[in-house]
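[1] please find the sequence and the predicted model below.
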Amino acid sequence: MDATTQPGLRPLTMTRSILRHWLVIFLVVYGMFNALPFVAPMFMKLGWAEAGNAIYTVYSFFCHQMAQRSFFLFGKHVMYRPDQLPITLTGSTGTDTLLLRDFRGSDLLGWKVAWSDRMISLYGGVWLAALVYWGVARLRTIKPLSIWVFGLMLLPIVLDGSTHMISDTTVGLLTGFRYDNAWLAALTGHVLPKSFYGGDALGSFNSSMRLITGLLAAVGTVWFTFPLIDQLARGTVHDIDVKLARIADKQRRRSGQLEDAHEHFHTSHPTRPN
């Protein structure tokens, strides 16, 4: 019996197989994780509310899901301003966040994707960057980013996310300095359309920054971590191969010893003719 097929060694050989194909496994599993938020509005459109709401609930642990910062499918617009939604906001950040989070859509407006534009950029960006990494890594070895460059690629999303949080929690979702971005309008001399400076709609400064910083962080995360994971996986596969080779060698020696002993026995005890 081959050493790699012995029942006792199956966990070892299975681990080896997983490590050899870890990136393909990641792309498939993580790809499904990225697809489900888009499946939720499809389920709602089809009238499968129970299945759709289950996805929204699960993904609510990964995202605030506020409607004004989410993409909508099957409606008149891809994104909506708060005043375009059938929601009466109170001015309280906590209450308004819950109201915008709980609104998942309607037949008229469409149904929102189960996470916000930033999460689509960040999580989806990791999957896209991983796909590119997989293609390039098959042709050449990719060195990881330095920790400093990785930190610089994360800095924009930290600044953008933290200023949004400060603005939302201290002033309000619709009145904070990150909602009207008057500071940016003054800095640029109001040369751009008003719709660019204010709000969260697609094409606005806020939405653009969420998409850009999310994608930048995703690329940095993949470029920094995946080469390290790849090195660790290759090293572990090598160690497993060495161990399996030793086991196979011991089996060959043992088999040879048994054959020698069997031959010596028959030589020492020849079969007598009848």
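    Nice, thanks for sending it over.
[2] so where's the stretch 1-150 of the chain shaky on pLDDT?
    Low-confidence segments of the stretch 1-150 of the chain (pLDDT under 70): 1-8.
[3] give me that answer again for 80
    Within the stretch 1-150 of the chain, the stretches with pLDDT under 80 are 1-9.
[4] check which helix or strand covers the spatially closest residue to Leu89 that is not a sequence neighbour.
    Nearest-residue entry for Leu89: Asp96, 4.7 Å, with adjacent residues in sequence omitted and distances by C-beta to C-beta, 6 or more residues apart in numbering. For the C-beta atoms, the positions are set from N, CA and C on the backbone; glycine is no exception. Secondary structure assigned from DSSP states H and E places Asp96 in helix 93-102.
[5] how about the contacts made by Val149?
    Taking C-beta atoms under 8 Å, 6 or more residues apart in numbering as the criterion, Val149 is in contact with Gly220.
[6] tell me which residues in the helix or strand where it lies are buried?
    Applying DSSP H and E as the criterion places Val149 in helix 147-170. The neighbour-count check on helix 147-170 (16 or more other C-beta atoms under 10 Å) flags Phe150, Met153, Leu154, Pro156, Ile157, Asp160, Gly161, His164, Ser167, Asp168 as buried.
[7] distance between the ends of stretch 169-185?
    End-to-end span of stretch 169-185 (C-alpha to C-alpha, to the nearest Å): 22 Å.
[8] may I have stretch 216-228 as PDB, with CA atoms only?
    Output of stretch 216-228 as PDB, limited to C-alpha atoms (Å, rounded to 0.1, in the frame of the first residue of the first chain):
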ATOM      1  CA  LEU A 216      -6.800  50.400  -1.900                       C
ATOM      2  CA  ALA A 217      -7.000  48.700   1.400                       C
ATOM      3  CA  ALA A 218      -8.100  45.400  -0.300                       C
ATOM      4  CA  VAL A 219      -5.100  45.400  -2.700                       C
ATOM      5  CA  GLY A 220      -2.700  46.200   0.100                       C
ATOM      6  CA  THR A 221      -4.100  43.400   2.300                       C
ATOM      7  CA  VAL A 222      -3.800  40.800  -0.400                       C
ATOM      8  CA  TRP A 223      -0.300  42.000  -1.500                       C
ATOM      9  CA  PHE A 224       1.000  42.000   2.000                       C
ATOM     10  CA  THR A 225      -0.600  38.800   3.400                       C
ATOM     11  CA  PHE A 226      -1.000  36.400   0.500                       C
ATOM     12  CA  PRO A 227       2.700  36.000  -0.300                       C
ATOM     13  CA  LEU A 228       3.300  35.300   3.300                       C
END
